[in-house]
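In: sequence plus the predicted model coming up.
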Amino acid sequence: MTAPIASFDALSVGQRFAYGRFVLSEAEIIAYALKYDPQPFHTDPVAAREAPLFRGLVASGLHSMGMCFGLIMGSGIWREISLGGSGIETRWPAPLRPGEEVAVETEVLELTPSRSKPMGVAKLRHTGTRLADGVCVIEMIGTHFLKR
């Protein structure tokens with residue numbers, strides 16, 4: 001694990017952070033979806049096979065987003081400097097199926113120091129990449145407020 005970042009000023013554009021991996025089982029996908037995103041392609045393996053877009057059970061994008069942020073924030077890397085954020089643009093370019101292992105990482109895209117406050121604004125790209133084939137299953141570009 002990387003040590004916590006001490007200040008916005010310790011970051012540089014292009015810097016990357018890796019957080020580890022996660023896998024969602026069929027049971028986890030169904031349980032989450034039944035509670036938070038009850039669509040047949042997330043909750044019913046038989047009905048999901050008939051879904052024209054996915055042709056099988058897939059994780060809710062909200063579930064994969066939560067798993068990524070669990071690893072990102074749980075890493076402790078941002079603990080010292082995180083002040084929250086103002087938005088996140090999210091894409092799910094490929095489906096995530098049960099049992100697929102996903103690696104999560106962040107790349108620093110932009111850094112803008114505040115002129116009036118002891119903070120900065122960072123644009124960060126968070127990605128989840130399926131290890132079996134290197135395909136991105138989630139990409140989140142967030143605006144984060146960080147202490148200086």
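Out: Now that the structure is in, tell me what you want to look at. Numbering: from 1, shown residues only.

In: just the helices in the chain please.
Out: Secondary structure of the chain (DSSP state H): helices at 26-36, 40-43, 45-50, 61-74.

In: how close does Val135 sit to Val102?
Out: 10 Å (Cβ to Cβ, to the nearest Å). Using the backbone N, CA and C atoms, a C-beta is placed for each residue, glycine as well.

In: cool, Phe41 as well?
Out: For Phe41 relative to Val102 (Cβ to Cβ), the value is 18 Å.

In: just Arg49 next, same as before
Out: Arg49 is 22 Å from Val102, by Cβ to Cβ.

In: more crowded one of the two?
Out: Each of Arg49 and Val102 has its neighbours counted (other Cβ atoms under 10 Å); Val102 has more, 25 against 12.

In: beta partners of that one?
Out: Beta bridges link Val102 to Phe22, Arg130 when assigned by DSSP bridges.

In: per-residue pLDDT, it?
Out: pLDDT recorded at Val102 is 98.

In: can you pull the contacts of it?
Out: 21-23, 64, 67-68, 96, 128-131, 137-138 (Cβ atoms under 8 Å, 6 or more residues apart in numbering).

In: and with 10 Å instead?
Out: 20-24, 59, 64, 67-68, 71, 96, 127-132, 135-138 (Cβ atoms under 10 Å, 6 or more residues apart in numbering).

In: Arg55: neighbour count?
Out: 12.

In: what's the closest non-adjacent residue to it?
Out: Arg49 (6.3 Å; Cβ to Cβ, 6 or more residues apart in numbering).
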